[in-house]
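**Student:** coords please:
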Amino acid sequence: MSLFAEESRRNEDVVKSIKTKGILEEKELIKSVKESVVDVWNFVFPYITLKLEKDRVRAVNEKNEFSGAEMSDGEKVGLYLISQILLAEKGCVLIIDEPELHLHKSLMVRLWNKLEEQRKDCVFIYITHDLDFAVNKPASKIIWIQSYKNNQWEWKELNSNEVIPENLYLEILGSGKPILFVEGEKGSLDMQIYQAFYDDFTVIPRGSCEKVIESVRGLRGNTDLHDKKVFGLIDRDFRPKEQIVSLKKDDVFCLTLNEGKK
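**Tutor:** Numbers count the residues shown, from 1 in each chain. Next comes the predicted model:
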């Protein structure tokens with residue numbers, strides 16, 4: 001059913017109710033799906049006004065009014081998704097494959113959170129490769145699909161991890177290489193050096209040496225990571241020999257120089 005057909009049906013129901021009751025109060029009027037689509041659109045795309053009039057889609061920005069055909073691919077996809085989700089039958093299961101396609105990351109979570117809010121009667125299942133999207137869904141369960149072979153799925157429900165952020169946790173689970181936690185920040189020169197030198201590892205920056213040590217110790221006993229090799233590499237920082245030996249027992253190793261800096 002299209003948005004316009006649904007509104008026409010709603011209007012017919014209103015007319016029937018008026019004929020039966022004589023009058024309807026404003027609070028008795030049921031909002032059409034078309035009106036709800038506009039409300040969600042205005043929340044997700046506040047810079048463009050959407051007009052759904054006379055079986056036509058029009059859009060208005062600060063300068064021009066134009067047809068729906070002239071909207072960007074992301075805006076068209078957004079309108080399609082909003083319409084389909086709001087028109088879906090009550091209490092259904094909605095499976096969304098790769099919600100990250102065609103939508104900017106800044107809009108993606110905003111859109112789907114709003115649609116979930118509008119359709120609390122439905123169950124939303126997302127199939128995604130976007131780790132940030134997966135961990136930014138409120139009150140969600142995360143299922144890690146490990147493998148699929150001979151019509152058999154191998155999967156695991158993941159519990160929240162307090163040692164490192166969930167997006168890094170998922171990155172570790174999905175990696176086929178040993179994990180190496182290092183000091184520093186993503187994109188820094190020392191990170192690039194570590195990645196080039198330790199190309200047989202998935203190198204993950206954790207900021208401070210304390211975070212590196214905490215991450216290694218916390219993940220070594222994690223049941224989800226029993227098959228993962230996890231190591232840490234930190235600056236020497238004038239540490240006494242006894243401490244270096246102790247850290248090594250936890251698979252945290254010190255550089256032979258005091259620190260690595262760009």
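
**Student:** closest to the centroid, which residue in this structure?
**Tutor:** Centre of the chain computed as the mean C-alpha position; nearest residue by CA atoms, centre = their mean is F133, 0.8 Å away.

**Student:** and it, what element?
**Tutor:** Taking DSSP states H and E as the criterion, the element that holds F133 is helix 131-135.

**Student:** cool, L94 as well?
**Tutor:** For L94, the enclosing helix or strand under DSSP H and E is strand 93-97.

**Student:** and that strand, how far out from the chain middle?
**Tutor:** 14 Å (CA atoms, centre = their mean, to the nearest Å).

**Student:** what do you get for stretch 207-217?
**Tutor:** Using CA atoms, centre = their mean, we find the averaged C-alpha position of stretch 207-217 to lie 25 Å away from the chain's own average C-alpha position.

**Student:** buried sites along it?
**Tutor:** C209, K211, V212, I213, E214, S215, V216, R217 (16 or more other CB atoms under 10 Å). Glycine gets a C-beta too; all of them are placed from N, C-alpha and C.

**Student:** go through those residues and name the one nearest Y148.
**Tutor:** Nearest to Y148 among those is S215, at 29.8 Å by CB to CB.

**Student:** can you tell me how far that closest one is from V230?
**Tutor:** Taken as CB to CB, to the nearest Å, the spacing of S215 relative to V230 amounts to 8 Å.

**Student:** need the overlap of contacts for those two.
**Tutor:** Taking CB atoms under 8 Å, 6 or more residues apart in numbering as the contact rule, S215 and V230 both touch F181.

**Student:** on that earlier part again, same for the helix holding F133, what does it pack against?
**Tutor:** Counting contacts by 3 or more CB pairs under 8 Å, 6 or more residues apart in numbering; DSSP states H and E, helix 131-135 is packed against helix 105-118, helix 166-174.

**Student:** and the next helix or strand after the longest one, which strands flank it?
**Tutor:** Moving toward the C-terminus from helix 105-118, the first helix or strand encountered (DSSP H and E) is strand 123-127. Using DSSP bridges, the neighbouring strands of strand 123-127 in the sheet come out as strand 93-97 (parallel).
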